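Visitor: Compute the structure for the input listed below.
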Amino acid sequence: MKQSSSYTTDIILIDVISFSQLTADQQLEIITFLTKSYSRMIEAMLVNSEMTLKKMVLGFISTGDGFYCILNPRLKGFGAILGLSFNHFAEQISEKYPYFKGIRVAVHTGNIYTFTDILGHNNFVGDGLNECARYIEIKNYTISTVVVSQEAYNNFEGFLQRHRDFYTLLTEHQFKRSKAYTFVDKHNVSHLSYMIWLRKGGIINPPIITFNTMLQD
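Guide: Residues are numbered from 1 along each chain as shown. So this is what the prediction gives:
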């Protein structure tokens, strides 16, 4: 059996709002279009970043009404920015499908483990995935914002310190952040989070970096 690897990295969760209230045909239509659209969006982002999809993303996990996107640990901190790009693109999707109410986006930095699933594909488990899902539960979630855990926000700030050009870019897009917000999940566990958004939305490419290893310097 192939030995499992563990990573601590950014995890982005995309969740379609009111997915269960759609008809079966609408569910299939929107999740198919969403998956293909985001795949093309990511591929376009990589053109100017000199990296392949496999170098940017460890993997995707379908949730039925959305998906997890697990970043390469060397891009830790970029997850919050990728979440903002996902959110911006969702607004364009809503123009095509009137019944599409948008998405919730959560970002968390946590632990994941790789394993080979029953079909022989590389897959993921870990507390990081479960923790990320908790942030979707925030009751006063506001459309066009991204919910970021304290851990993910700390790494986001570290990313901006290493890549000052991204700090300038986010300033130009009028980046905003809410005050710290504590909520209690269904397991009665408290979580500290922030809501972030761009007043001038856009899709922001990842930085050009050297990938000699999966681990961050």
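
Visitor: can you map out the strands along this structure?
Guide: Secondary structure of the chain (DSSP state E): strands at 6-16, 57-62, 66-71, 103-116, 122-125, 146-149, 175-177, 181-184, 190-198.

Visitor: partners of the fifth one, with directions?
Guide: When pairing is defined by DSSP bridges, strand 122-125 lines up against strand 103-116 (antiparallel).

Visitor: got it, and the shortest one?
Guide: Each strand pairing with strand 175-177, determined using DSSP bridges, is listed with its direction: strand 190-198 (antiparallel).

Visitor: Please apply the same query to the second one.
Guide: Using DSSP bridges, the strands paired with strand 57-62 in its sheet are strand 66-71 (antiparallel).

Visitor: Can you give me the buried ones in the strand it pairs with?
Guide: Using 16 or more other CB atoms under 10 Å as the test for burial, strand 66-71 gives 66-71. (Glycine included, C-beta is placed from N, CA and C.)

Visitor: Then stretch 142-159?
Guide: Of the residues in stretch 142-159, those buried (16+ other CB under 10 Å) are 144-149, 151-153, 155-156, 159.

Visitor: What is the nearest of those residues to residue 187?
Guide: Proximity of the buried residues of stretch 142-159 to residue 187 (CB to CB) peaks at residue 149, which lies at 15.4 Å.

Visitor: tilt between the lengthiest helix in the chain and strand 66-71?
Guide: Taking DSSP state H as the criterion, the chain has its longest helix at helix 24-46. Interaxial angle, helix 24-46 versus strand 66-71 (axes from the mean of the first three to the mean of the last three CA atoms, to 10 degrees): 20 degrees.

Visitor: In terms of secondary structure, what does helix 24-46 contact?
Guide: When contacts are defined as 3 or more CB pairs under 8 Å, 6 or more residues apart in numbering; DSSP states H and E, helix 24-46 sits against strand 6-16, helix 53-56, strand 66-71, helix 79-96.

Visitor: Run the chain-centre distance for it.
Guide: Relative to the mean C-alpha coordinate of its chain, helix 24-46 is positioned 14 Å out (CA atoms, centre = their mean, to the nearest Å).
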